[in-house]
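Colleague: Curious how this folds, go ahead:
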Amino acid sequence: MPYNLPTWESMKPHSIILSTLISGPKSPGNDIDVYLQPLLVELKYLWRNGISTYDACNKEMFQMRAALLWTISDFPGLGSLSGWNTYAKNACPTCDDKTDALYLKHGKKWSFRRHRRFLPSDSKISTMASYGKQEQRELDLKPLSGSDVLSMTQYKNVVYGKSNASKPASRVRTGSVEQMWRKRSIFFSLPYWEFNLIRHNLDPIHIEKNVCDNILGTILDDLTKSKDNASARRDLKILGIMRQLWPQIQPDDKEYLPAACYCMNKEEKKIFCSVLKDICVRDGMSSDILKCVDVGRCRIMGLKSHDCHVIMEQFLPIVLRRVLSRKVIAPLMFHVNILGQRVRSHCEKMNCRRLKKGLYWLYASWKEFFHHLFPSNGAFGGAFGVRGKSSWACTLSVDVSNRNIYRET
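Modeller: I've put the predicted structure just below:
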């Protein structure tokens, strides 16, 4: 898909090149390498030999060569393509073994913490009493180079198929190289892949949809989508934080969950859904969102990725003004601004650094109100997307005709 074309043009059938077709309703996991092997054969041929192509501008034939610069996927897809284990403690491929994560006993998932350690040392938010102990400021972590990744994964033995032959016979230690990497990426068979500074990218639209679903499900108290449930409250009690949200035992031995500052009553939920349902937009801005809003049951269902982007950037600031307090709306609105810039921004170092600083502040401030959203990899992946782009922007020069890659200082 040519990303340098406008959105309404790049999504049309004639602009999409179907390179690989994977069958089945479930993700293939490590077996995706089997489907990618024919594509890799063609990429190697295009790099070494090229193909005769007609130049319509000069009206002559030339030998065209091509190179694969990077992949774009969601967070689970990044694990399948790169070989990194995105489901364990060290889920962030940039933080590596310095990722600070805690397994939640009741939630049965990993919670990623210490987002304030990336804030400036003079930031007031790093010393707020409501956040608990102060976290030490750490230097920016450098991502692993292609040579480092290749040396760590070159002896990984993966047996494709649904058998358990590739699984280790004994339990591997958490945080070890064997646990962090599941396989050696098939893209390292390309002669230039080791020297690419950017190898895998996260799609911000996927991240934005995950965050949007979490926010809407939590503030509407959706039983199937809300992150604020009994398990999350019990984990807060074990962690010893946010005492006002701990479960309380009633005289009849039933568990009562106190209302949070972002909770809405029945009337406020209907106002929220009614305003969202009555918003009219011009053609092409989004799909028919009103069909996804159920005012009677106060539920929002069936939103597409672009619908979530429009809601987060355009509609959410409008519909929340009458139903939530200012202290809750402030970090939400800041998040809307940051994600909107993240999707629209160009590859400029100064802009990416500003977004990176904003995301760190956002994640640190959100923990005061929306601590339940942070066990999700979807919310955690936003920082990796900006940090990776900031570290690698404008540092790669490719000479496809001579099959060389240069690193600019």
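
Colleague: What segments of the protein are strands?
Modeller: Secondary structure of the chain (DSSP state E): strands at 51-55, 60-64, 71-73, 101-104, 109-112, 200-202, 248-249, 255-256, 293-294, 299-300, 396-399, 404-407.

Colleague: For the fourth one, buried residues please.
Modeller: Neighbour counts over strand 101-104 (16 or more other C-beta atoms under 10 Å) mark 101, 104 as buried. Any C-beta I mention is one placed from the backbone N, CA and C, and that applies to glycine too.

Colleague: So what touches it?
Modeller: By C-beta atoms under 8 Å, 6 or more residues apart in numbering, the residues outside strand 101-104 that reach it are 89-91, 109-113, 231-232, 235, 239, 375.

Colleague: so what strands line up beside it?
Modeller: strand 109-112 (antiparallel) (DSSP bridges).

Colleague: which of the residues in the partner strand are buried?
Modeller: 110, 111, 112.

Colleague: Alpha carbons of that strand, as CSV, please.
Modeller: Taking C-alpha atoms only, strand 109-112 is exported to CSV below (Å, rounded to 0.1, in the frame of the first residue of the first chain):
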residue,chain,number,x,y,z
LYS,A,109,-1.8,-10.2,33.3
TRP,A,110,1.4,-8.1,33.3
SER,A,111,1.2,-4.5,34.6
PHE,A,112,3.8,-2.1,33.2
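
Colleague: Distance from it to the middle of the chain?
Modeller: 15 Å (C-alpha atoms, centre = their mean, to the nearest Å).

Colleague: Make TSV from the buried residues of strand 109-112 and add distance to residue 99 and pLDDT to it.
Modeller: TSV is the format used below for the buried residues of strand 109-112 (distance: C-beta to C-beta, whole Å; pLDDT from 0 to 100):
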residue	distance to residue 99	pLDDT
110	9	84
111	11	82
112	7	78
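
Colleague: Which residues are in contact with the closest residue to residue 107 other than its chain neighbours?
Modeller: In this structure, residue 107 finds its nearest non-sequential neighbour in residue 231, 4.9 Å apart by C-beta to C-beta, 6 or more residues apart in numbering. By C-beta under 8 Å, 6+ apart, residue 231 lies in contact with 104, 106, 107, 108.

Colleague: where does residue 231 land on pLDDT?
Modeller: On pLDDT, residue 231 comes in at 90.

Colleague: Burial check on residue 229, number of neighbours?
Modeller: Residues near residue 229, counting by other C-beta atoms under 10 Å, number 15.

Colleague: same thing with residue 329?
Modeller: Residue 329: 16 neighbours (other C-beta under 10 Å).

Colleague: and it, how far is that from residue 318?
Modeller: Applying C-beta to C-beta, to the nearest Å, the value for residue 329 to residue 318 is 11 Å.

Colleague: now swap in residue 194 and tell me
Modeller: Distance from residue 194 to residue 318, by C-beta to C-beta: 49 Å.

Colleague: more crowded one of those two?
Modeller: Remark: of residue 194 and residue 318, residue 194 carries more neighbours, 17 against 11, as counted by other C-beta under 10 Å.

Colleague: what pLDDT does the more buried one get?
Modeller: Value listed for residue 194 in the pLDDT field: 92.

Colleague: isn't it right up against residue 146?
Modeller: Yes: with contact defined as C-beta atoms under 8 Å, residue 194 reaches residue 146; the gap is 4.0 Å.

Colleague: Between the two, which contacts overlap?
Modeller: residue 188.

Colleague: With residue 330 as the reference, measure out to the residue nearest to residue 213 when sequence neighbours are not counted.
Modeller: Leaving aside its chain neighbours, residue 213 sits nearest to residue 225 (6.1 Å; criterion: C-beta to C-beta, 6+ apart). From residue 225 across to residue 330, the span is 23 Å (C-beta to C-beta).

Colleague: Settle it for me: which of the two has more neighbours?
Modeller: The residue with more neighbours, out of residue 225 and residue 330, is residue 225; 16 against 12, by other C-beta under 10 Å.

Colleague: Quick check, pLDDT for the more buried one.
Modeller: Taking residue 225 on its own, its pLDDT is 85.

Colleague: do the same with residue 123
Modeller: 63.

Colleague: Same check on residue 162?
Modeller: On the pLDDT scale, residue 162 is placed at 64.

Colleague: next one: phi and psi at residue 280?
Modeller: Main-chain dihedrals, residue 280, degrees, to the nearest 10: phi -110, psi 130.

Colleague: Excluding chain neighbours, what is closest to residue 301?
Modeller: Take residue 301 and drop its neighbours on the chain: the residue closest to it by C-beta to C-beta, 6+ apart is residue 292, 5.7 Å away.

Colleague: Run through the residues that contact the one you found.
Modeller: 300, 301, 302, 303, 307.

Colleague: For residue 308, see how far away the third one is.
Modeller: Relative to residue 308, residue 302 is positioned 11 Å away (criterion: C-beta to C-beta).

Colleague: higher neighbour count, the two?
Modeller: A count of neighbours by other C-beta under 10 Å puts residue 308 above the other of residue 302 and residue 308, at 24 against 10.

Colleague: Excluding chain neighbours, give the residue nearest to that one in space.
Modeller: residue 212 (3.8 Å).

Colleague: I'd guessed that neighbour sits against residue 306; true?
Modeller: No: counting by C-beta under 8 Å, residue 212 stays clear of residue 306, with 11.0 Å between them.

Colleague: Common neighbours of the two, please.
Modeller: With contacts defined as C-beta under 8 Å, 6+ apart, no residue is shared by residue 212 and residue 306.

Colleague: which one of these two has more residues nearby?
Modeller: Legend: neighbour count by other C-beta under 10 Å for residue 212 and residue 306, higher for residue 212 (24 against 16).

Colleague: Please report how far that one lies from residue 201.
Modeller: Taken as C-beta to C-beta, the span from residue 212 to residue 201 is 20 Å.

Colleague: Same check on residue 190?
Modeller: For residue 190 relative to residue 201 (C-beta to C-beta), the value is 17 Å.

Colleague: Kindly report the same for residue 63.
Modeller: 29 Å.
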